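Asks: Need coordinates for the following:
(6 chains)
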Protein chains: 4
Amino acid sequence: MEAAATEPQKLPRRERERMAQRQEMLDAALGLFSKKGFRNVSMQEIAETSEFAIGTLYKFFKNKEDLYRALVREQAVKFHEGIMLAIASADDEVDKLRNFVRAKEEVFRANVAMIRLYFSETQGARHNVLAGVDSEMRDKHEEFLQALAGVFESGMARGRFRQIADPYHLAVALESVTNGFLLQGLLRPDRQKMPEDPDAILDIFFQGLLA
Amino acid sequence: MEAAATEPQKLPRRERERMAQRQEMLDAALGLFSKKGFRNVSMQEIAETSEFAIGTLYKFFKNKEDLYRALVREQAVKFHEGIMLAIASADDEVDKLRNFVRAKEEVFRANVAMIRLYFSETQGARHNVLAGVDSEMRDKHEEFLQALAGVFESGMARGRFRQIADPYHLAVALESVTNGFLLQGLLRPDRQKMPEDPDAILDIFFQGLLA
Amino acid sequence: MEAAATEPQKLPRRERERMAQRQEMLDAALGLFSKKGFRNVSMQEIAETSEFAIGTLYKFFKNKEDLYRALVREQAVKFHEGIMLAIASADDEVDKLRNFVRAKEEVFRANVAMIRLYFSETQGARHNVLAGVDSEMRDKHEEFLQALAGVFESGMARGRFRQIADPYHLAVALESVTNGFLLQGLLRPDRQKMPEDPDAILDIFFQGLLA
Amino acid sequence: MEAAATEPQKLPRRERERMAQRQEMLDAALGLFSKKGFRNVSMQEIAETSEFAIGTLYKFFKNKEDLYRALVREQAVKFHEGIMLAIASADDEVDKLRNFVRAKEEVFRANVAMIRLYFSETQGARHNVLAGVDSEMRDKHEEFLQALAGVFESGMARGRFRQIADPYHLAVALESVTNGFLLQGLLRPDRQKMPEDPDAILDIFFQGLLA
DNA sequence: AATGAATGAGTTTTCATTCAT
DNA sequence: AATGAATGAAAACTCATTCAT
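Replies: Model prediction:
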């Protein structure tokens, strides 16, 4: 009868305390990694920032890479869940897309550190430490693309959308465009030309898409 | 009676040899950096791969960072020029966009290593070594976005395109979508779902765009 | 019920141990530096001689130069204090000079390594690492010369010495002569011609000096 | 029937040119070594300063140490000869001493670079490269001290000086005092307290010495 | 004969990881 | 259980020396 991870109130106090400590370590690490990159952050630094001893870090994580993986995995899951929920939480396909864009923007805005981490690991360079997590993250990403494609597909089936392209391609396109706009807005805050309203992103899409 | 490809036929032999050596170093470095990232590649490794002594590397590049910067700058210029040329080499705006997508695809396909390098430095993580080159690259990127926006603008003015959105936003959108599709196709070659014909990317765009 | 030599009995045990380690490092370094010079001693060597790991050296000293500076400063302070005390610890000027010569000889004899270090940094070559400590050492040396000049001056005022020369010049002369004799005796032990009794050095001086 | 080193006009032209080149190398090296010390000067630097190729340096000197030794030896000989000549070039002992002090001061003033080199190799630190030259230089120095002691001895014998101390000790004392004053004056030009007239140095001596 | 490009051993320094307290 | 001092492998960089031109 052991309590499940999703209902932490049932965990023995000892266990709960451990999880809280672990979380503090991960939080400190997230800030540092997203600011300076994996190789430019020392365990010493993480220890100091999280106010634990180095040895204690090694009690929780086998090594530096393990800590990093745990961090990326945690963040990816959080991100993934938020986005998937957004897609699920509406009946109409147009609303699903709106929810998706809004949720994504919110997550981006709320946690720039996480975003930087996420993109440094999914886009571009694969010189990352994530040989292992990598495939898991790709799978999650693919799963999400499939779900998004599903929205387009059912939208087409229900006549909400015109059949302008392969639903999966549309999913990739929407994912790309939202990334592009949000990154442009977040990582280059000097650029003033980005639309305030996230829905504006969709307008471009909907111009050709809506039936 | 020798005629060099571009123009360097006038360089003294010594100089030409030096440039060739330099290029071999940069080539070796590109392969390694794009595979493993800046911090995970040692000068030792670059020396061995390029078959020069470490000391010789340091004759050509002041330090590791200098070598990296030279590499990124070289690649970025090549990339930028190819893309800008493509936009310029047509009169009709629709043709310009087609040229752009084709040129971009070609460059991507021809040099995956370079792409990885490029994206690891423009997207995502900013824990990069490029504090200096960085702004130069951003500027180039911005310049390109402006040029692309110009295409949309004149297309609208000439009645080729409908006025569905801010031209700059359209530029960001097209840039994002091409990135998304090409990266999906190149970096994840297992994914078979991407369109063979690069023009297919544009179809999605043109659905809503064309007048 | 333990009573330490000077005063550190109040330091926590941990701190005392650290200081002892630091001292062992400095001792090893003094031996090596005085024998081979700054640039000819590697951190590896110091680590091996002092039986610590290289990393441990770097826990105590920021870098090689920092270690060297600490060493020179420590030795210079010790030397300076000994000499100044000797001058102070008598009422009669002639006794002050005797004390000075004896103390200097004692310090020289007791620590040839230190002497070599001291002279390599105050005399001769200024290609030293001591840009920083340097001025501090010069100041100490100057301060000492002034004190010695003071002895000559008050000796003259009190009629103990004849007014044969500027007191500061006499100070420089005595400092030089003691250095010359002691170095000759210590650094070239083959030379048997030096006087056994350090006071003999003063005889030369006193011949013209005493009233 | 080969021409002697002291009459270079007899050397074949080829040989003379070689010697001139060698001299230029040594001159460049003297400037650099006296400013920065042995280890802080690279062969590259010496080559550039003397405007020869590195390879040419190695044609003249077996290695860096050999070049340094040659330099120190050359300077020491020059110095030694000047001083010895000064002692010889008078009949009266008091004049000999005056000549000595004047000659020494002149040499010091004329070639601070050489002095620095000389002192960094005779005084203090023996972390020098001169394991070999060393003994030669000590011998020369000892020879000079003997000569100076001879002056004191004959001066005493002739009744010019009082018999205040062992002549050799007096020689060491005078050598030390002149060094002290001249170094103080030369290496620390900020110190204004040194006597202008080098003879003033002797006054201190003569006070007790003169019969 | 003179050159200087190329070499690579050797140096300083960092930092992940271990383990005695 | 938590600590953090100690470790030493690995990396960036320098420079004396060689040798093909």
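Asks: A:Ile87 reaches A:Leu148, doesn't it?
Replies: Yes: A:Ile87 is within contact range of A:Leu148, at 6.7 Å (criterion: CB atoms under 8 Å). C-betas here are computed from N, CA, C, even on glycine.
Asks: between those two, which one's more packed in?
Replies: A:Leu148 (24 against 18; other CB atoms under 10 Å in any protein chain shown).
Asks: Off-centre distance for stretch A:68-83?
Replies: Distance of stretch A:68-83 from its chain centroid, counting by CA atoms, centre = their mean, to the nearest Å, is 6 Å.
Asks: Just confirm yes or no for that stretch near DNA strand E.
Replies: No: contact of stretch A:68-83 with DNA strand E (CB under 7 Å from any atom of the strand) is absent, the minimum separation being 9.7 Å.
Asks: Quick one: mean pLDDT over that stretch.
Replies: Summarised as a single mean, pLDDT over stretch A:68-83 is 88.
Asks: any bit of it sitting next to chain B?
Replies: No: using CB under 8 Å from any CB of the partner chain, we find that stretch A:68-83 stays clear of chain B, coming within 12.1 Å at best.
Asks: Show me what counts as buried in that stretch.
Replies: With burial defined by 16 or more other CB atoms under 10 Å in any protein chain shown, the residues of stretch A:68-83 counted as buried are A:Tyr68, A:Arg69, A:Ala70, A:Leu71, A:Val72, A:Arg73, A:Gln75, A:Ala76, A:Phe79, A:His80, A:Ile83.
Asks: I'd like the distance from A:Arg18 to chain C, if you could.
Replies: Remark: distance between A:Arg18 and chain C (CB to the nearest CB, to the nearest Å) = 29 Å.
Asks: which ones are touching that residue?
Replies: A:Phe60 (CB atoms under 8 Å, 6 or more residues apart in numbering or on different chains).
Asks: helix, strand or coil for it?
Replies: helix (DSSP: H, G, I helix; E, B strand; the rest coil).
Asks: Chain A against DNA strand F: which residues are in contact?
Replies: Contact residues, chain A versus DNA strand F (CB under 7 Å from any atom of the strand): A:Gln21, A:Phe52, A:Ala53, A:Ile54, A:Gly55, A:Thr56, A:Tyr58, A:Lys59.
Asks: can you put the residues you listed in TSV and add distance to D:Leu32, neighbour count and secondary structure?
Replies: Putting the residues of chain A next to DNA strand F into TSV (distance: CB to CB, whole Å; neighbours: other CB atoms under 10 Å in any protein chain shown; DSSP: H, G, I helix; E, B strand; the rest coil) gives the following:
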residue	distance to D:Leu32	neighbour count	secondary structure
A:Gln21	59	16	helix
A:Phe52	53	17	coil
A:Ala53	51	11	coil
A:Ile54	47	12	helix
A:Gly55	51	8	helix
A:Thr56	54	13	helix
A:Tyr58	51	15	helix
A:Lys59	56	12	helix
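Asks: could you redo those residues as JSON lines and give each row pLDDT and distance to D:Leu11?
Replies: Formatted as JSON lines, the residues of chain A next to DNA strand F follow (pLDDT from 0 to 100; distance: CB to CB, whole Å):
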{"residue": "A:Gln21", "pLDDT": "94", "distance to D:Leu11": "85"}
{"residue": "A:Phe52", "pLDDT": "95", "distance to D:Leu11": "78"}
{"residue": "A:Ala53", "pLDDT": "95", "distance to D:Leu11": "76"}
{"residue": "A:Ile54", "pLDDT": "96", "distance to D:Leu11": "71"}
{"residue": "A:Gly55", "pLDDT": "95", "distance to D:Leu11": "75"}
{"residue": "A:Thr56", "pLDDT": "96", "distance to D:Leu11": "79"}
{"residue": "A:Tyr58", "pLDDT": "95", "distance to D:Leu11": "75"}
{"residue": "A:Lys59", "pLDDT": "94", "distance to D:Leu11": "80"}
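Asks: what residue is smack in the middle of chain A?
Replies: A:Phe79 (3.2 Å; CA atoms, centre = their mean).
Asks: Remind me what whichever helix or strand that residue is part of packs against, helices and strands.
Replies: According to DSSP states H and E, A:Phe79 maps onto helix A:64-88. With contacts defined as 3 or more CB pairs under 8 Å, 6 or more residues apart in numbering or on different chains; DSSP states H and E, helix A:64-88 has these neighbours: helix A:13-36, helix A:93-110, helix A:112-122, helix A:131-157.
Asks: Tell me how chain A divides into domains.
Replies: A:1-61, A:64-209 (automatic domain parsing).
Asks: moving C-terminal of the one helix or strand A:His169 maps to, what's the next helix or strand?
Replies: Assessed by DSSP H and E, A:His169 sits inside helix A:167-187. Proceeding N to C from helix A:167-187, the next assigned helix or strand is helix A:199-209, under DSSP H and E.
Asks: what's next to that next one, contact-wise?
Replies: Residues outside helix A:199-209 that contact it (CB under 8 Å, 6+ apart) are A:94, A:97-98, A:101-102, A:161-162, A:164, A:170, A:173-174, A:177-178, A:181, A:195, B:162, B:164-165, B:169-170, B:173, B:204-209.
Asks: Just the buried residues of those.
Replies: Buried members of these, counted by 16+ other CB under 10 Å: A:94, A:97-98, A:101, A:161, A:164, A:170, A:173-174, A:177-178, A:181, A:195, B:164-165, B:169-170, B:173, B:204-209.
Asks: ok, how many other residues are close to A:Pro12?
Replies: By other CB under 10 Å, the residues close to A:Pro12 number 10.
Asks: State the pLDDT value of it.
Replies: So, for A:Pro12, pLDDT stands at 80.
Asks: Tell me how far it lies from DNA strand F.
Replies: For A:Pro12, the distance to DNA strand F (CB to the nearest atom of the strand, to the nearest Å) stands at 13 Å.
Asks: Show me which helix or strand of chain A is least confident by mean pLDDT.
Replies: helix A:112-122 (a mean of 67; mean pLDDT, DSSP states H and E).
Asks: before we move on, back to that, quick one: which of the buried residues of stretch A:68-83 is nearest to D:Glu106?
Replies: For those, the minimum distance to D:Glu106 (CB to CB) is 70.9 Å, reached by A:Tyr68.
Asks: Wait, that closest one touches A:Phe38, no?
Replies: Yes: counting by CB under 8 Å, A:Phe38 is a contact partner of A:Tyr68 at 5.9 Å.
Asks: mind listing what A:Leu26 touches?
Replies: By CB under 8 Å, 6+ apart, A:Leu26 lies in contact with A:Leu67, A:Ala70, A:Leu71, A:Glu74.
Asks: Quick one: residues contacting the third one.
Replies: Applying CB under 8 Å, 6+ apart, one finds that A:Leu71 lies in contact with A:Leu26, A:Ala29, A:Leu30, A:Phe33, A:Leu117.
Asks: tell me the least confident of the residues you listed?
Replies: Lowest in pLDDT among the contacts of A:Leu71 is A:Leu117, which has 70.
Asks: Could you report the neighbour count for the residue nearest to that residue when sequence neighbours are not counted?
Replies: With sequence-adjacent residues excluded and distances taken as CB to CB, 6 or more residues apart in numbering or on different chains, A:Leu117 is closest to A:Ser34, at 4.8 Å. When counting by other CB under 10 Å, one arrives at 23 neighbours for A:Ser34.
Asks: and what of the one 4 residues further on?
Replies: Residues lying near A:Phe38 (other CB under 10 Å) number 25.
Asks: now do A:His141
Replies: 18.
Asks: thinking again about what came up before, show me the two of the residues of chain A next to DNA strand F that sit farthest apart.
Replies: The span of the residues of chain A next to DNA strand F, defined through CB to CB, is set by A:Gln21 and A:Ile54 at 14.0 Å.
Asks: sorry, back to before: ok, the residue nearest to A:Leu117 touching A:Gln75?
Replies: No: between A:Ser34 and A:Gln75 there is no contact under CB under 8 Å: 9.4 Å.
Asks: Identify the contacts common to these two.
Replies: Residues touching both A:Ser34 and A:Gln75 (CB under 8 Å, 6+ apart) are A:Met114, A:Leu117.
Asks: Let me see the contact set for A:Arg22.
Replies: A:Arg22 touches A:Phe60, counting by CB under 8 Å, 6+ apart.
Asks: Tell me the spacing between it and A:Ala70.
Replies: The gap separating A:Arg22 from A:Ala70 is 8 Å, by CB to CB, to the nearest Å.
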